[in-house]
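structure, please.
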Amino acid sequence: MNGGAAHGSPAGQEPPAPGGQSHNRISGGTFHAPVLQAGTVYVTPPPEVDWPVVVGDVPAAAGAFQPRAAVRERVEAARTGRGTAVPTQVLTGGGGVGKTQLAADIARDALAAGVEVLVWAPARDPLTVLRLYAEAAALVRAPGVSGAAGRTEPDARRFLAWLSGTGRRWLVVLDDVADFGPDGPLWPGSSRHGNGRVLVTTRQRGAHASGGGRVLVPVDAYGPAEARAYLAERLAGAGLPHLLDGGADALAAELGRLPLALGHAAAYLVNRQLGCSAYLELFRERTRPLEGVLPPDADTERYGRPVTGALLLALDAAQRTEPRGLAAPAVRLAALLDPDGHPRALWTTSAVREHLARQRAAAAPDGAAPAPAPAPVGGGGGPDRAAGRRRWWPGRRARAALPPVPPPAGPPPVSADEALAVLSVLHAYHLVSVPAAAAPHREVTVHALTARAARDTDPDGWESRLAVAFALYELWPAEEHADHRLSASLRSSTSVLEEHLGPDRQYYPVFVLHGRVGISLLHAGLHTAAVAHWTGVVAGLSAGAVPEGDPEWIAARHHLAAALELAGDPGRAVDVAMETARVAAERYGPDDGPTLSVLDVLGTSLLAAGRSAEAVALREHLLSRHEALFGPDDPRTLGACNNLAVAHDRSGRHDRALELWERVATGLAVEEAADAAADTPRSLTLRLNLAVTHSRRGRPEQALVLGERVLAASARLLGEDHPDTLTARAALADFHAAAGREAEAAAARAGLLADAERVLGPDHPDTLTVRGDLAVSYRRTGRTAEAVALAERVLRVRLRTLGPAHPDTLLTAGNLVNCYAQQGRTGRALRLAEWVLPVKRRVLGEGHVGTVTGRHAVAVLRIRRGRTLLVADPARAAADAAAALAVLGPAAGPAVDDHDLLRGAAAELLDRAREAAEPPGAP
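Residues are numbered from 1 along each chain as shown. Modelled structure (predicted):
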């Protein structure tokens, strides 16, 4: 033993650096074991910390990475004003939106900007976070760190304490946090110097995610420009820029511009040398599962999971969240609805709640097992082996005395509150979105790829589809006007459901929705879509061998005829309605309800086709039959009376139309200021007709007041763009014109024309009417050149679509005659007027107001031209005067009050022309 302390250095050895020398002295005390006392002990100091310290594997930048400038700005804005609290930004978004790549980009930038400690921790497993914290603690030489295998958690906490007090800049990234509660990863608490920061990625966006001072930064899919830029850069980087063809934007949209999906799709394009358009066709084949078009082997960026798994990764956690067991079946229902939004109220329907209850019970470990039967009373009911077979008989008697065992109870019900609660769960896990400020009845949205992944993984797809079909039917309003936005949302979701059913739709009771959708399209004024819908229904009934005359066959063709007429195809409408009316009359009789309904559509179609006389005769017949069947005051009879009034009005018999409208207003007690709650499309039509009556009877102020009320009610009830609302606007403009307010009428018609062109199309019959009316307003306000241009355009379209003999074509030609005349183009006006007049005589009849007006116009133009020729060519002037007298005839009818004045002017012109034609000095 060496009993002294050595204070010198051994020979040939340099003294240790300060801090590397230990003096070992023993003084006092008694030791009862061998003691080794050394002199000076030399300790090697630990190496210097190699700053910056980086712990964990920061993911490499994906190919063609897009910087997401807008999101980065929101992240930076969320860092300010936190004092000593650690600024924590939570990048929250659904699967595949690029949260991890964005966080990695931020981490790399932080290192470049001088961050000295960076920890990247996959945070789905809290133990992994602890391990990385402990590793970081050892690397930064945190005080008290042992580095021992069993000291991971204490070392991790010492690292967090070191972060709290260090003056070095640091960043901790917790990637893919699944649990923000006590069972989740440890969080850095504070930074006394304000130089620390935490960045988190997660699929959650509930209260836990934003608790503890954390700031949520939503991350969504790429925008259109970013998605296109990604594809362009990715394909160009692979040396295949030609694959970025005209289908690139559509492909990106079909993929929901999801970065993960775009990455897989781009790899697929490169590997198979396939252009965007060709791949888009492949992707749209609904029979292919998602992993068939976005396969795992296309994961060239090493995300580590297929697209389907990435999108639904949070589903297991959601399924374990209260209300338990409902998340999976709920997201599969949402996947069958319109991804752009469906009604939140759908989730409170009995069809949805019963489906969720069945699915929850089936998924429970004992959910499908029936309840055990109760034990028999009295101790009997079964064999006693110890007593032999004799015990069977008493047991049977005891069993017979028991009340019958009830059938097993159904699954525990799912309440409306639970159904709505599961939506909140799905929203929190980014499986659906239920934003606070959503469009009415579009409150629940789902990413298209999430929906497709959910459908691909639905083991009970047929049950989900049945539940959605019955839920849509259950929620559909009995009256379409009750909530037109709800009906629009239900129509779009029905269309999506039928698309997913594909050829299998024949096996599902979606036929219950066909009538709802088709009638809804008609009520919504979507006439072209209604034609397509009912054409498909009729074709489907024919393919399904539904016999001619079947009620469903008649109803479908009835609605098809109505849609054709409203869409501006009255010729086809007449053909369909006439054939359907014949079959209905043969099958049910001429006075049966279906027959009368189809005949009413036929009357409307005949009127629209310009066959006014036939329309009036048919509607006179219908009114007489309604009076005989239901009585003169029945609402159905008065409805037929209203329709006859329309036919007379369109045929030029305005006085008869007014008489009938006044009868309807009296019989139905049409009120000018009706209760808004009682408004219906039918009541608004009747009130508008009453306003027309006021205007025609010389009561313009009453017409304007009532017209304004009807317009406001129609916009509220049906929407600004509904055809009935546009009709109310057109009538109100007519009332202004009739009251002599031509400037107001012109302004109203100009605004209406723009909306009609947008909603109905530029060549729809109603749009053409508005354009023609605007031409009249422009002519009356002195804007003659604009009036001519509009009227010429209307005439060209009507000649092409309706033909020269249609009353609307003849009316347009007459308006154009007036425009030419006002513009001073008398010769052109006269040629057009004389071309139109014989057609009017043939189509309308000699005594029709339109024919009389046409004769009047020809006479006026002949007289006008004759006067200009009187000096230069008196012979032609005399010919014009004679032609004017001939076209006027002895009597023009009551519609032209100045008949005698015109005849006098023509006769005077004739006398003057003859005098001018005589040679000078003639007797």
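
which one is the residue most central in space within the chain nearest to, not counting chain neighbours?
The chain has Asp340 as the residue nearest its centroid, 5.3 Å off, counting by C-alpha atoms, centre = their mean. What sits nearest to Asp340 in space, not counting adjacent residues and going by C-beta to C-beta, 6 or more residues apart in numbering, is Thr445, at 6.1 Å. All C-beta spots, glycine's among them, are computed from the backbone N, C-alpha and C.

and what of Leu790?
Per C-beta to C-beta, 6+ apart, closest to Leu790 is Ala775, 3.9 Å.

before we move on, the earlier item: please report how far the residue nearest to Asp340 lies from Thr494.
Distance of Thr445 to Thr494, given as C-beta to C-beta, to the nearest Å: 17 Å.

one more: Ala813?
Distance of Ala813 to Thr494, computed by C-beta to C-beta: 45 Å.

quick one: low-confidence ranges for the stretch 51-200 of the chain?
Within the stretch 51-200 of the chain, the stretches with pLDDT under 70 are 80-85.

helices along that one, start to end?
69-77, 99-112, 126-139, 152-165 (DSSP state H, counting those that start in this stretch).

CSV for those, including distance to Glu498?
Converted to CSV, the helices of the stretch 51-200 of the chain look like this (distance: least, C-beta to C-beta, whole Å):
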stretch, distance to Glu498
helix 69-77, 37
helix 99-112, 35
helix 126-139, 46
helix 152-165, 55
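
ok, which of these comes nearest Leu315?
Among the helices of the stretch 51-200 of the chain, the nearest to Leu315 by C-beta to C-beta is helix 99-112 (17.3 Å).

still on that earlier bit, the residue nearest to the centre of the chain in helix, strand or coil?
What DSSP: H, G, I helix; E, B strand; the rest coil gives for Asp340 is coil.

residue contacts, it?
Taking C-beta atoms under 8 Å, 6 or more residues apart in numbering as the criterion, Asp340 is in contact with 442, 445, 492.

next: Ala221.
Here Ala221 is in contact with 97, 227, 256-259, 447 (criterion: C-beta under 8 Å, 6+ apart).

leaving out the residues flanking it, which one is nearest to it?
In this structure, Ala221 finds its nearest non-sequential neighbour in Arg257, 4.3 Å apart by C-beta to C-beta, 6+ apart.

would you mind confirming that that neighbour makes contact with Glu226?
Yes: at 7.4 Å, Arg257 counts as touching Glu226 under the criterion of C-beta atoms under 8 Å.

neighbour count for the two, which is higher?
For Arg257 versus Glu226, the count of surrounding residues by other C-beta atoms under 10 Å is larger for Arg257: 23 against 20.

one step back: give me the pLDDT for the residue nearest to Ala221.
Listed pLDDT for Arg257 reads 92.

roughly how far does it sit from Pro477?
Taking C-beta to C-beta, one finds Arg257 at 34 Å from Pro477.

with Asp183 instead?
The spacing between Asp183 and Pro477, counted by C-beta to C-beta, is 46 Å.

got it, and Val434?
22 Å.

do the same with Gly212
Computed as C-beta to C-beta, the Gly212 to Pro477 distance reads 45 Å.

also Thr445?
In terms of C-beta to C-beta, Thr445 sits 22 Å off from Pro477.

between these two, point out the one with more neighbours.
Using other C-beta under 10 Å, the more surrounded residue of Thr445 and Pro477 is Thr445, with 21 against 14.

wait, isn't that one in contact with Ala335?
No: with contact defined as C-beta under 8 Å, Thr445 does not count as touching Ala335 (11.7 Å).

hang on, the earlier thing: want to throw the helices of the stretch 51-200 of the chain into CSV with mean neighbour count and distance to Val849?
What follows is those, written out as CSV (neighbours: other C-beta atoms under 10 Å; distance: least, C-beta to C-beta, whole Å):
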stretch, mean neighbour count, distance to Val849
helix 69-77, 14, 65
helix 99-112, 19, 73
helix 126-139, 20, 88
helix 152-165, 19, 93
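
downstream of the helix or strand containing His648, the next helix or strand is which one?
Using DSSP states H and E, His648 sits in helix 635-650. Once the chain leaves helix 635-650, the next helix or strand it forms, by DSSP H and E, is helix 654-667.

next secondary structure after that following helix?
With elements assigned by DSSP H and E, the helix or strand that comes after helix 654-667 is helix 681-696.

tell me the gap between the helix or strand that comes right after that next one and the middle of its chain.
As assigned by DSSP H and E, the chain's next helix or strand after helix 681-696 is helix 700-718. In terms of C-alpha atoms, centre = their mean, to the nearest Å, the centre of helix 700-718 is found 29 Å from the chain centre.

what mean pLDDT does helix 700-718 have?
Averaging pLDDT along helix 700-718 gives 92.

mind giving me the packing neighbours of that helix?
The contact analysis (3 or more C-beta pairs under 8 Å, 6 or more residues apart in numbering; DSSP states H and E) places helix 700-718 against helix 681-696, helix 723-738.

just the angle between the first one and helix 635-650, please?
Compare the direction of helix 681-696 with that of helix 635-650 by axes from the mean of the first three to the mean of the last three C-alpha atoms, to 10 degrees and you get 40 degrees.

pull out the buried residues from helix 681-696.
Neighbour-count burial for helix 681-696, counted by 16 or more other C-beta atoms under 10 Å, picks out 681, 683-696.

strands along this protein, start to end?
Taking DSSP state E as the test, the strands found in the chain are 21-23, 40-42, 53-55, 88-92, 117-122, 170-177, 196-202, 215-218.

and of the ones you listed, who's closest to Gly147?
Closest approach to Gly147 among the strands of the chain is made by strand 53-55 (13.8 Å; C-beta to C-beta).

what packs against that closest one?
Judged by 3+ C-beta pairs under 8 Å, 6+ apart, the packing partners of strand 53-55 are strand 117-122, helix 126-139.

what residues does that strand touch?
Identification of contacts with strand 53-55 by C-beta under 8 Å, 6+ apart yields 111, 116-121, 132, 135-136, 139-140.

the same query, at a cut-off of 6 Å, please.
The contact list for strand 53-55, computed with C-beta atoms under 6 Å, 6 or more residues apart in numbering, reads 117-119, 132, 135-136, 139-140.

how far away is Ala628 from Leu602?
19 Å.

okay, the two: which has more neighbours?
The residue with more neighbours, out of Ala628 and Leu602 and counting by other C-beta under 10 Å, is Leu602; that gives 26 against 11.

list the contacts of the more buried one.
Leu602 neighbours (C-beta under 6 Å, 6+ apart): 577-578, 581.

of the residues you listed, which belong to helices?
Residues of the contacts of Leu602 located in helices (DSSP state H): 577-578, 581.

could you flag which of the residues you listed are buried?
For the ones in helices among the contacts of Leu602, buried by 16+ other C-beta under 10 Å: 577-578, 581.

is it possible to get TSV of these that adds distance to Thr784?
Below are these laid out as TSV (distance: C-beta to C-beta, whole Å):
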residue	distance to Thr784
Ala577	42
Met578	43
Ala581	47
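
burial count for Leu118?
As a burial measure, Leu118 scores 21 neighbours (other C-beta under 10 Å).

what's the distance between it and Ala107?
Relative to Ala107, and taking C-beta to C-beta, Leu118 is found at 6 Å.

same check, this time on Leu869
Distance of Leu869 to Ala107, given as C-beta to C-beta: 93 Å.

and stretch 46-54, end to end?
Using C-alpha to C-alpha, to the nearest Å, the end-to-end distance of stretch 46-54 comes to 19 Å.

next, the buried residues of it.
Of the residues in stretch 46-54, 52-54 count as buried by neighbour count, 16+ other C-beta under 10 Å.
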